[in-house]
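In: Dropping the sequence and predicted coords here.
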Amino acid sequence: MASPSTTTAHAPAEPVEIRRADGERDAYYLQRLQHHWFGAEYDSNETLQADLFDIAGWSFDGDPPEHAPLQSMGVIAEHATPQGSVRVGGGIAIRIDHDTTVDELPPGSFDAETLAGDPSVWFLLGVVDQAWRGRGIGRRLFQRRLQWARHTDAEIAIAMGWERDGPSSRPLFERAGWVPVETIESLYAETGRTACPDCGVWPNDEAACQCDATVWAMDL
């Protein structure tokens, strides 16, 4: 899933480095972003979702769980200060097989069997802190993941683009040449998404996001 990373907000002028996520601290940071923006499960320093094991440098104890990615890649946007670095955004992409891609695609009028590659790369998350938006950081996070995807053996890249009333990730996909496959109304209400700033829904609420989402695809 891809969340918004482009706005015209007033932004700091300090430089930001885009680097590959590496290690447990980065993995947990990305999981916190998933939790905040999408309601993904999060238990600080206790559990880590399977999508982030590669980034953390972890291995599975026994067989990987069903739908575990074949490979993961994270990116971090980081601003260096005299007191230390500050992470101001991040993104995740995973490489998964054909059958898992078919299972993960939402119901639509498209043919999931035909759309899914063997394997595919999914763009799961792309977020920039609000105070740092409007400086092209989201675009750089997006491009870094796309470069990685093109160096895998994946046939296609797929993403779910959050359609918001405010800033949207749609311009990122359009500028990069992705194809909008289908926009699905109230998709996140169906998937039980429990965090959305547009809907005013957060993980502790007993409500779900009502936003639409677009399935995007790009041949690699």
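Out: Perfect, I can see it now. The model shown is predicted, which means the values in this text are computed figures rather than measured ones.

In: In this structure, what helix or strand scores lowest on average pLDDT?
Out: Counting by mean pLDDT, DSSP states H and E, the chain has its least confident helix or strand at helix 187-191, which shows a mean of 71.

In: Contacts for that helix, please.
Out: Residues outside helix 187-191 that contact it (C-beta atoms under 8 Å, 6 or more residues apart in numbering): 106, 160, 162, 196, 208-213. Just so you know, the C-beta spots here come from the backbone N, C-alpha and C atoms, and that holds for glycine as well.

In: Can I get that helix in PDB? Just the C-alpha atoms.
Out: What follows is helix 187-191 as a C-alpha-only set of coordinates in PDB (Å, rounded to 0.1, in the frame of the first residue of the first chain):
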ATOM      1  CA  LEU A 187     -11.500  -0.500  -0.300                       C
ATOM      2  CA  TYR A 188     -10.000   0.000   3.100                       C
ATOM      3  CA  ALA A 189     -13.400  -0.400   4.800                       C
ATOM      4  CA  GLU A 190     -13.400  -3.900   3.300                       C
ATOM      5  CA  THR A 191      -9.800  -4.600   4.500                       C
END
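
In: Only the buried residues of the helix or strand just after that helix, if you could.
Out: Remark: after helix 187-191, the chain's next helix or strand is strand 212-219, criterion DSSP states H and E. By neighbour count with 16 or more other C-beta atoms under 10 Å, strand 212-219 contains the buried residues 212-218.

In: Return the distance of the most centrally placed residue in the chain relative to residue 92.
Out: Per C-alpha atoms, centre = their mean, the C-alpha nearest to the average position across the chain is that of residue 125, at 1.2 Å. Remark: distance between residue 125 and residue 92 (C-beta to C-beta, to the nearest Å) = 5 Å.
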